[in-house]
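S.K.: Quick one, structure for this:
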Amino acid sequence: MKKLIAFFLVGLLVACSGISIKPDDKILTTLQMSSISTTGYLIAKNNPDYIPGFMDWYSDFLALEELASIQDKYKAGISELSKLMTDDPFLQMQIKNAMNMLEIAVEGPTCLDELDRYREIVDYFMLGVASASS
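M.R.: A predicted model of the protein is given here:
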């Protein structure tokens, strides 16, 4: 399954090489939405025991309103996600590359103007996670 995820992320990088989100854009492209939700689906499908934790994290994330709290919760989620792939440095690199293509950072949003973009990306990732639990 990890090879499938790595293959998908490489495809994401190739497909998104000319597509990026500008800081003032509010809407992800269809390709980006599909890529993000598929990544969430594949990671959850490969790690079904973690789905309840993903869902709890997401519920908490949605309830937050202060930038510092959102940053902390986002970083904690990225940290937990990276632990699922500690034995695969290539996959970790690909996820970091995908984050660069989407112009998002491991640290999370740095200002209030970025919140909507980060929330939208998390929403589509979690859509994939929810689909894996069906």
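S.K.: drop to CA atoms for contacts and neighbour counts, all remaining ones
M.R.: Will do.
S.K.: okay, now residue 53: neighbour count?
M.R.: 13 (other C-alpha atoms under 10 Å).
S.K.: And the pLDDT at it?
M.R.: Predicted confidence (pLDDT) at residue 53: the value is 92.
S.K.: same check, this time on residue 22
M.R.: 46.
S.K.: next one: the one 5 residues further on
M.R.: pLDDT, residue 27: 55.
S.K.: Ok, residue 67 next?
M.R.: 92.
S.K.: Could you check what's spatially nearest to it, not counting adjacent residues?
M.R.: residue 112 (6.6 Å; C-alpha to C-alpha, 6 or more residues apart in numbering).
S.K.: ok, so what distance separates the one you found from residue 81?
M.R.: According to C-alpha to C-alpha, to the nearest Å, residue 112 and residue 81 sit 24 Å apart.
S.K.: hmm, back to that, cross-check the contact I'm expecting between the residue nearest to residue 67 and residue 69.
M.R.: No - between residue 112 and residue 69 there is no contact under C-alpha atoms under 8 Å: 12.0 Å.
S.K.: circling back: would you mind giving me the confidence score for the residue nearest to residue 67?
M.R.: 88.
S.K.: Ok, residue 127 next?
M.R.: 96.
S.K.: Pull the residues that contact the strand or helix carrying it.
M.R.: Element membership of residue 127 [criterion: DSSP states H and E] is helix 115-132. Applying C-alpha atoms under 8 Å, 6 or more residues apart in numbering, the contact partners of helix 115-132 are 26-28, 33-34, 36-45, 48, 51, 54-55, 58, 67, 104, 108-109.
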